[in-house]
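> After the sequence you'll find the predicted model.
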Amino acid sequence: MLQGLSLPTYLVGVASMIAVGALGAVVTYLGLASLRIQHSLRPTFYVVSAGAVLLTGALGYLLHRWCLWGYVVVVPLVALGVADITQKRHTIRRNFPVIGNFRYLLEKIRPEIRQYFIESDADEAPYGREKRTVVYTRAKGTVDTIPFGTRRPVYRVGYEWIMHSMAAKVPPPGTPRVTVGGPDCSQPYSAAFLNVSAMSFGALSRNAVLALNRGAQLGGFYHNTGEGGISPYHLEHGGDLVWQVGTGYFGCRTDDGAFCPDRFRDRAATPTVRMIEIKLSQGAKPGHGGILPAAKVTPEIAEIRGVPMGRDVISPPAHTAFSSPIEMMEFIGRLRELSDGKPIGFKLCVGHRRELLSLFKAMLETGIYPDFVTVDGAEGGTGAAPVEFSNSVGMPMVDGLLLVRNALVGIDARERVRIIAAGRISTGYHIARLLALGADLCNSARAMMFAVGCIQALKCNTNHCPVGVATQDASLCRALDPGDKSERVASYQAATVESMMELLGAAGLSHPSDLTPWHVARRVSATEIKTFAEIYDFVDPGSLLSEPCPESLDRHWRRADASSFRPPETLAH
């Protein structure tokens, strides 16, 4: 039938036969499947697959041997169906061989379909497209304006805005900074208003860490190391570092996991380590420890974290270097001495208010104060966390920020302790509203990841990040160019701080410290607007040092105990 035809014609004919055969088999199978969709399709599969095999053979015998090329489609489909029926892990594949796989395929690409075709610009899942686009455009230095006005529902309850002034100002030249370091600190640090939040090497790739640190060096802001320790990639470009010391004491631990003063002193002497942060908890999974299996402890990670090869690396849920608020303040004083006077602070997501206030009572009792407190929120991000911890544990950042601010003001220590806010910060307005609520400066993690190239593929916990940011797969992270991405990080940070300064100018202010709760408003009902000063409770300086205590803190302050994190009713047991 096909004799005497040229090779191209043969190939077209073969392709057509394969296509027709495959289409016929699929149409037949789907047609029968639609009639039996409420029942198992295994009998239907047996009939259709046997028919397809016999029909292809018959056509090859009766018409032309080229028809046997139909087996190229038929055999893999039959093999797939047999594999579906014989496997025992997925019931839907056993009941609906071949077509049941479409369920898993669609489920796998669901995040991409939603991100590219379904979500609106304002959907927060977990980061809205509008906010991601702002980061991308500012990182690339392209147009970051929007046409035709806001898309925000300005009459919806919860809408917020900066109160502008009729006496608006042009922002002053230069970029203001914040000095971190109280009277006990001999090496204070001048910090930017937006910095790189804690993300460890291991959670991020080598090239991502290199890009973030060089970006910090170019832009003059700091880069928090995360609790995984200081890697060579944090040091290569000389960007300022905040060394985070977590419960695993990576980089400053003994072989059995206890805190090692000598190793801490040596590491803290690194010139680019500007501040040290004790991590109590993080917003995405507060109170949750971690384990790095021995199989994943490479020689490089073992060296960086100061852990032995061949053993699981445990990050306990709580610190072992201290067990009470007073001991924690003494630990802060010890680290300040070991680091030769560098700023020492702690990071936490607020849990029990009583426990937090016990820290401030310990400050009063010991006379030892941290130089800064970093407040993370339940909305914070992470590479991987149990669902329950991400969704149902921890206080949101604004509430935690207000509690820390009021506690510091209440014990008359606000001027000596800086507050750093962290949690879903990506625009100049985000910074401004948090400064109005009491923060001194801000950290951002996910926005900085976007600047490096993150596309929110939501594969951080799989080691398959397609853009090489949150993976240790060398073939993936090799494509991330640290040189180019570092410039984007610096560009994004500078443009965002500049936008914050422009907002201040519109409000008639000259410096971020001039922002107050009266400068930000929120719609609280269809007919009522209130400023932050009218919505939230702000205590007076020294109000916790005498009676009566502010009503919002009174019960928790009375129950707080500088000698223990435990509630008073359990101390007798």
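Arrived safely. Fair warning: this is a prediction, and the values are worked out from it, not measured in the lab.

> use CA for all of it now, contacts and neighbours both
OK.

> what's the first-to-last distance across stretch 409-422?
20 Å (CA to CA, to the nearest Å).

> Need the contact partners of that stretch.
Outside of stretch 409-422, the residues that reach it under the criterion CA atoms under 8 Å, 6 or more residues apart in numbering are 180-183, 197, 360, 364, 369-377, 380, 397, 401, 405, 408, 434, 438-444, 539-545.

> What is the helix or strand hosting residue 275 packed up against?
Secondary structure from DSSP states H and E places residue 275 in strand 273-279. Using 3 or more CA pairs under 8 Å, 6 or more residues apart in numbering; DSSP states H and E as the contact criterion, the neighbours of strand 273-279 among helices and strands are strand 241-245, strand 344-349.

> Looking at those, which is nearest to residue 101?
Nearest to residue 101 among the helices and strands packed on strand 273-279 is strand 344-349; the distance by CA to CA comes to 41.9 Å.

> From the chain's centroid, how far away is that closest one?
Relative to its chain's centre, strand 344-349 lies at 17 Å (CA atoms, centre = their mean, to the nearest Å).

> Sheet partners, orientation included, of it?
Strands adjacent to strand 344-349 in the sheet, as given by DSSP bridges, are strand 273-279 (parallel), strand 372-376 (parallel).

> Restrict that strand to CA atoms and write it as PDB.
Listed in PDB are the C-alpha atoms of strand 344-349, where the atom choice follows Å, rounded to 0.1, in the frame of the first residue of the first chain:
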ATOM      1  CA  ILE A 344      23.900  41.200  71.300                       C
ATOM      2  CA  GLY A 345      20.100  40.600  70.800                       C
ATOM      3  CA  PHE A 346      17.600  37.900  70.500                       C
ATOM      4  CA  LYS A 347      14.900  36.900  68.000                       C
ATOM      5  CA  LEU A 348      11.600  35.400  68.900                       C
ATOM      6  CA  CYS A 349       8.000  34.800  67.800                       C
END
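
> Touching it from outside, list them.
Where contact means CA under 8 Å, 6+ apart, the residues beyond strand 344-349 that reach it are 275-283, 286, 332, 335-336, 370-378, 394-397, 400.

> so after it, what's the next helix or strand?
Helices and strands here follow DSSP H and E; after strand 344-349, the next one along the chain is helix 353-366.

> Could you list every helix and strand that that following helix packs against?
Helices and strands touching helix 353-366, by 3+ CA pairs under 8 Å, 6+ apart, are helix 325-338, helix 397-410, helix 551-559.

> would you list the ones you listed in JSON lines and tack on distance to residue 43?
Shown next, in JSON lines, are those (distance: least, CA to CA, whole Å):
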{"stretch": "helix 325-338", "distance to residue 43": "68"}
{"stretch": "helix 397-410", "distance to residue 43": "57"}
{"stretch": "helix 551-559", "distance to residue 43": "67"}
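
> ranking those by burial, who's on top?
Stretch with highest mean neighbour count among the helices and strands packed on helix 353-366: helix 397-410 (a mean of 23; mean count of other CA atoms under 10 Å).

> now that one against strand 372-376, angle please.
Going by axes from the mean of the first three to the mean of the last three CA atoms, to 10 degrees, helix 397-410 is angled at 160 degrees with respect to strand 372-376.

> Can you give the distance of helix 397-410 from its chain's centre?
Centre-to-centre, helix 397-410 and its host chain are 23 Å apart (CA atoms, centre = their mean).

> Next: stretch 79-91.
Relative to the centre of its chain, stretch 79-91 is centred 38 Å away, using CA atoms, centre = their mean.

> Show me what counts as buried in it.
Within stretch 79-91, the residues that qualify as buried by neighbour count (16 or more other CA atoms under 10 Å) are 80, 81, 82, 84, 85.

> Which residues are in contact with the closest residue to the last one other than its chain neighbours?
Leaving aside its sequence neighbours, residue 85 sits nearest to residue 94 (CA to CA, 6 or more residues apart in numbering; 4.3 Å). Counting by CA under 8 Å, 6+ apart, residue 94 makes contact with 42, 84, 85, 86, 87, 88.

> Indicate which one of the strands paired with strand 344-349 is closest to residue 247.
For the strands paired with strand 344-349, the distance to residue 247 is smallest for strand 273-279, at 7.2 Å, taking CA to CA.

> and stretch 532-544, which residues are buried?
Neighbour counts over stretch 532-544 (16+ other CA under 10 Å) mark 532, 533, 538, 539, 541, 542, 543, 544 as buried.

> Isn't the fourth one up against residue 550?
If I follow you right, that is residue 539. Yes - with contacts defined as CA atoms under 8 Å, residue 539 counts as touching residue 550 at a distance of 6.7 Å.

> Measure how buried residue 353 is and give me the count.
Neighbours of residue 353 under the rule other CA atoms under 10 Å: 18.

> And the pLDDT for residue 381?
Note on residue 381: pLDDT of 73.

> Please work out how many residues are found near the residue nearest to it when sequence neighbours are not counted.
Counting by CA to CA, 6+ apart, residue 381 lies nearest to residue 284, which is 5.4 Å off, once chain neighbours are set aside. Residue 284 sits with 28 neighbouring residues when counted by other CA under 10 Å.
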